[in-house]
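Enquirer: Just the structure for this:
(one chain, ligands or ions: 1)
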Amino acid sequence: MSVELILKDLNIPKFEGKTGSDITTFKIGGALKNLIYVNNKQKLSKLLQKFYEEQISYTILGNSSNVLFPDDEIHNVIIKLVEEFSNINKIDENKFQIGASTLMPYISNTFEKEALSGFEFACSLPAELGGTLYMNASFRGQNISDILESIEICMPNGDLQIINKDKLEIIPKQIKIPKNSVITSAAFCLISKNKAEISSKIRENKEFRQRTQPKGASCGCIFKNPSAEAPAGMLLDKVGLKGTREGGAMYSTVHANWIINDTLKATSSDVKKLIDIGKEKVLKEFNINLETEVVIF
Ligand SMILES: Cc1cc2nc3c(=O)[nH]c(=O)nc-3n(C[C@H](O)[C@H](O)[C@H](O)COP(=O)(O)OP(=O)(O)OC[C@H]3O[C@@H](n4cnc5c(N)ncnc54)[C@H](O)[C@@H]3O)c2cc1C
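Expert: Model prediction:
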């Protein structure tokens with residue numbers, strides 16, 4: 001059965017005319033020939049089951065703030081979760097179930113109003129909850145996994161499963177989930193606090209970002225930090241990469257672990273060349289293998 005027939009059967013529309021450049025924060029990437037938006041769990045479950053039976057591969061996207069797409073047409077099915085996947089539901093005292101496509105600044109803002117602490121770190125993270133969990137995103141020492149209770153995933157065969165935090169393998173910059181499964185929601189336990197204290201933390205986080213974060217299209221940090229003592233930005237700075245340009249992309253002069261598409265004309269291969277240069281120089285100088293944080297498709 002073709003992708004077209006499966007989508008028709010399940011009444012899932014295909015979005016024509018979008019490119020990787022339109023939907024990613026990097027503003028890079030060719031035409032997305034099979035971009036689909038799924039609006040509820042039942043449809044997602046049936047869709048994954050069909051793809052599983054027909055052996056059709058797919059990629060799940062959040063807010064596309066940590067991905068690098070190829071410049072050519074992308075024929076792989078790209079799934080985005082929308083509508084019913086964006087919600088915050090109270091399940092118990094200070095416990096909440098949050099849908100995977102809910103945006104992080106919205107979550108942070110909602111709990112600030114409720115005087116509940118836990119999501120202050122995420123106030124300006126340009127991401128959805130699903131992507132944030134998958135990447136175990138962090139800011140100023142806090143990881144999303146710190147406040148996590150459990151996640152709900154849709155398995156490739158369509159089954160929905162809840163996995164408690166103690167059963168998850170959690171490492172820096174990744175919460176491991178079964179291959180090809182999709183995070184649909186997660187539960188969190190928050191702490192009641194003085195609202196002024198929460199607002200002050202959020203203000204401080206926003207100011208810190210404003211002061212330290214490079215401007216321009218990017219995916220945030222390009223490499224994972226090999227260790228706390230040797231952050232990637234410091235290593236890349238020491239080998240002199242700040243300001244190094246390849247085509248339309250450049251190592252930021254503000255923070256060496258950020259590659260920015262400051263011209264808005266960068267190609268995927270410009271960024272990959274810069275990544276290779278960074279890896280090579282840091283390996284040669286420090287004998288450290290840098291690993292990319294950005295997910296390269
Ligand atoms: C300006 C800027 C600032 C940033 N600041 C930070 C920061 O402070 N800290 C930090 O850690 N990162 C930061 N990032 C990087 C990025 O925002 C994070 O990695 C974020 O968690 C990615 O979320 P997303 O929704 O955009 O995911 P995407 O980029 O869409 O996807 C990232 C990965 O998650 C997978 N994924 C997405 N949704 C799901 C799902 N529902 N189920 C299963 N897998 C899924 C995708 O397949 C992909 O492999 C920044 C990026 C930018 C552009």
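Enquirer: and residue 47, how many neighbours?
Expert: 24 (other C-beta atoms under 10 Å). The way it works is simple: take the backbone N, C-alpha and C, and place the C-beta from them, glycine included.
Enquirer: Just want the phi and psi numbers for it.
Expert: Listed backbone geometry of residue 47 is phi -60, psi -50, with angles given as degrees, to the nearest 10.
Enquirer: so how far is the ligand from residue 291?
Expert: Residue 291 is 14 Å from the ligand, where distance means C-beta to the nearest ligand atom, to the nearest Å.
Enquirer: List the buried residues of stretch 20-33.
Expert: By neighbour count on 16 or more other C-beta atoms under 10 Å, the buried set for stretch 20-33 is 20-21, 23-32.
Enquirer: can you tell me which helix or strand residue 214 belongs to?
Expert: Residue 214 belongs to no helix or strand when assigned by DSSP states H and E.
Enquirer: Could you give the secondary structure assignment for the residue nearest the centre of the chain?
Expert: The chain has residue 131 as the residue nearest its centroid, 3.6 Å off, counting by C-alpha atoms, centre = their mean. Secondary structure state of residue 131, per DSSP: H, G, I helix; E, B strand; the rest coil, is helix.
Enquirer: give me every residue that touches the residue lying closest to it once chain neighbours are set aside.
Expert: Excluding its sequence neighbours, the residue lying closest to residue 131 (C-beta to C-beta, 6 or more residues apart in numbering) is residue 62, at 2.6 Å. Counting by C-beta atoms under 8 Å, 6 or more residues apart in numbering, residue 62 touches 100-101, 127-132, 134.
Enquirer: Give me the phi and psi angles of the closest residue to residue 14 other than its chain neighbours.
Expert: Nearest residue to residue 14 in three dimensions, chain neighbours excluded: residue 36, at 5.6 Å (C-beta to C-beta, 6+ apart). Per-residue torsions, residue 36: phi -130, psi 150 (degrees, to the nearest 10).
Enquirer: Over to residue 182?
Expert: Dihedral angles (degrees, to the nearest 10) for residue 182: phi -120, psi 130.
Enquirer: Surely it touches residue 153?
Expert: Yes. Here residue 182 reaches residue 153: they are 6.3 Å apart, a contact under C-beta atoms under 8 Å.
Enquirer: Let me know whether residue 181 touches residue 152 as I believe.
Expert: No. Between residue 181 and residue 152 there is no contact under C-beta under 8 Å: 10.2 Å.
Enquirer: who in the stretch 151-297 of the chain is up against the ligand?
Expert: Taking C-beta under 6 Å from any ligand atom as the criterion, the neighbours of the ligand within the stretch 151-297 of the chain are 182-183, 218-220, 295.
Enquirer: I'd like to know which of those residues is nearest to residue 117.
Expert: Proximity of these to residue 117 (C-beta to C-beta) peaks at residue 183, which lies at 23.1 Å.
Enquirer: who touches the closest residue to the closest one other than its chain neighbours in this structure?
Expert: In this structure, residue 183 finds its nearest non-sequential neighbour in residue 130, 4.4 Å apart by C-beta to C-beta, 6+ apart. For residue 130, the contact set (C-beta under 8 Å, 6+ apart) comprises 60, 62, 81, 85, 100-101, 182-184.
Enquirer: Tell me which of the residues you listed fall in strands.
Expert: Judged by DSSP state E, the subset of the contacts of residue 130 located in strands is 60, 81, 182-184.
Enquirer: restrict the contacts of residue 62 to those near the ligand?
Expert: 100, 127-128, 130-132, 134.
Enquirer: neighbour-wise, which of residue 182 and residue 153 wins?
Expert: Between residue 182 and residue 153, counting by other C-beta under 10 Å, residue 182 is the more crowded of the two (26 against 21).
Enquirer: The stretch 1-150 of the chain: strands as residue ranges?
Expert: 14-15, 35-38, 58-61, 67-68, 77-81, 88-92, 95-99, 116-117, 138-139, 142-143, 148-154 (DSSP state E, counting those that start in this stretch).
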